[in-house]
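Participant: can you look at this prediction? I've put the sequence above it.
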Amino acid sequence: MPVAWVLLILGSYLLGTFPTAIVVGRRKGVDPTKEGSGNPGATNMYRTAGKSAGAIVLVGDMLKGLIIPIVGLAVDGRPLAMACWAAAVVGHIFPVFRGFRGGKGMATAGGGVIPMFWYVALIGISVFAATVKVTKRGSLGSLAACAAVPLLAAAFGRPGWEVGVAAGIFGLCTVRHWSNIKRLITGREAAVVGRAPR
């Protein structure tokens, strides 16, 4: 494997570990790992610290997944870009500096869809937004998008290996939503309707 690949993939992982929610939470006086759902992600920040904090975390986590694949595309094309995308998502979910306890990876995974399959991103965002609007459940929107992205990539004729990488990334995000899935089944999943009481 070329040295450039190793450095970029490692750099992607390390960028993925950047704790956007924790940094934003500190400025808001909130620890997202101890409040709400305990997940350091945009939805929990939205619930526990308000809309602006949730939006900042969402954009920050998406940028982690968006920027590095663009670099990979410029350096050595789509195979490297896909590897960098996957590494950033793994870094977000399993950050080495926080005991491998990170977020659920959805925003970072979603950010990577934009440079890799921009047309899929447009539809995937619509699927997410429509699902959340109808159900008031961010987790259902995420799960719908997790299923939609690899299926759409296949429908648009992307190579099998690219579909496989996308399926792996969003499959990992789906697994990380297992607690949400259990709460959805039992009817205990909280709605995304605004800031939660503190």
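Facilitator: Received the coordinates, thanks.

Participant: for whichever strand or helix holds Arg47, C-alpha coordinates in CSV please.
Facilitator: Here Arg47, judged by DSSP states H and E, is contained in helix 42-49. Taking Å, rounded to 0.1, in the frame of the first residue of the first chain, the C-alpha atoms of helix 42-49 are listed here in CSV:
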residue,chain,number,x,y,z
ALA,A,42,-26.3,16.2,16.7
THR,A,43,-29.7,14.8,17.8
ASN,A,44,-28.7,14.6,21.4
MET,A,45,-27.2,18.1,21.3
TYR,A,46,-30.4,19.4,19.8
ARG,A,47,-32.4,17.9,22.6
THR,A,48,-30.1,18.9,25.5
ALA,A,49,-28.6,22.2,24.3
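
Participant: gap between Gly60 and Gly103?
Facilitator: Here Gly60 is placed at a distance of 11 Å from Gly103 (Cβ to Cβ, to the nearest Å). In short, each C-beta sits where N, CA and C put it, glycine included.

Participant: of the two, which one has the most company?
Facilitator: Gly103 (28 against 19; other Cβ atoms under 10 Å).

Participant: Ile185: how many residues sit nearby?
Facilitator: Ile185 has 9 nearby residues by other Cβ under 10 Å.

Participant: list the contacts of it.
Facilitator: Going by Cβ atoms under 8 Å, 6 or more residues apart in numbering, Ile185 touches no other residue.
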